[in-house]
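Colleague: After the sequence you'll find the predicted model.
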Protein chains: 2
Amino acid sequence: MSRVRTAALRWDGEGLRFRGRGGDGPEILLDGRSGHGPSPMEALLLSLAGCMGVDVVAILEKSRVPLEHLEVSVEGERAEGPPERYVRIAMRFRFEGPERDHLPRVERAVHLSAEKYCSVFHSLREDMEFSTEIELE
Amino acid sequence: MSRVRTAALRWDGEGLRFRGRGGDGPEILLDGRSGHGPSPMEALLLSLAGCMGVDVVAILEKSRVPLEHLEVSVEGERAEGPPERYVRIAMRFRFEGPERDHLPRVERAVHLSAEKYCSVFHSLREDMEFSTEIELE
């Protein structure tokens, strides 16, 4: 697979709404005012949650840990002055399916993603405060 | 406005598809295999394009430059080994509306966003190769 990814979006004069797509995939809406779709800064959190989510689902499948549902919530705190970048990101993973004795493998999957595999996480600034929390239902 | 942004997504066992939302906004689909929505790494490019797009639209409005349409295309090149993070990002801005003599103000808007305002850009690693290209229709 090529190492190049592409995306494009278009603004047609409607508020701060942008119609975008990754590659030639389906269209999504981003909205600087959040009403019609995620704002760009929310989309950044979604890309991080999705990236770690994809890793964790794949790693748990390989480790034969049963997984029915996974919820990833992310909270990002912005700096006070411009450019108001994220200075702290906290993630919470909530798993349905794994048993109590799968916990070490679940923790390992989350840490492997953050430390080694997650392409979005490693594209972010290295001086950001970052934490993860794991919850088994 | 609060300096905290939130997002959440959920996996329910369907391939690598995640249903997500920023805050309590509308739902979007991310897909690790790209078929049903942007992949997480494509979503990262979209968040960057949207962020600079929002800035540029707002700055041009303040500078009284007429703008009808704006297209932002982004290309990201990933590193070869894990975590395959972005090492190079190239952006192209295509404007409809501004006249030839608005070009300096258009260029200034793009550069102001990259250098000062874009919260997504400044949340990314600082050692990434980055370029912008501007085209007036």
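Modeller: Received, thanks.
Colleague: buried set for stretch A:86-97?
Modeller: Across stretch A:86-97, burial judged by 16 or more other C-beta atoms under 10 Å in any protein chain shown covers A:86-87, A:89-95, A:97. Yep, even glycine has a C-beta here, placed from its N, CA and C like the rest.
Colleague: Give me the mean pLDDT for the helix or strand where residue A:46 lies.
Modeller: Residue A:46 belongs to helix A:40-62 when elements are defined using DSSP states H and E. Averaging pLDDT along helix A:40-62 gives 98.
Colleague: how about it, does it reach chain B?
Modeller: Yes: among the residues of helix A:40-62, A:40-51, A:53-54, A:57-58 lie within reach of chain B under C-beta under 8 Å from any C-beta of the partner chain.
Colleague: State whether residue A:73 and residue A:89 are indeed in contact, as I suppose.
Modeller: No: contact between residue A:73 and residue A:89 fails when scored by C-beta atoms under 8 Å: they sit 11.3 Å apart.
Colleague: picking up where we left off before, determine the angle, from 0 to 180 degrees, between the helix holding residue A:46 and helix B:40-62.
Modeller: 180 degrees (axes from the mean of the first three to the mean of the last three C-alpha atoms, to 10 degrees).
Colleague: what does stretch A:94-111 contact?
Modeller: Identification of contacts with stretch A:94-111 by C-beta atoms under 8 Å, 6 or more residues apart in numbering or on different chains yields A:52, A:55-56, A:59-60, A:63, A:65-73, A:93, A:132, A:134-137.
Colleague: Could you identify the buried members of the residues you listed?
Modeller: A:52, A:55-56, A:59-60, A:65, A:67, A:70-73, A:93, A:132, A:134.
Colleague: Same list, those residues, but as CSV with distance to residue A:118 please.
Modeller: As requested, the buried ones among the contacts of stretch A:94-111 are exported to CSV (distance: C-beta to C-beta, whole Å):
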residue, distance to residue A:118
A:52, 5
A:55, 6
A:56, 9
A:59, 11
A:60, 15
A:65, 18
A:67, 18
A:70, 15
A:71, 17
A:72, 12
A:73, 16
A:93, 13
A:132, 11
A:134, 15
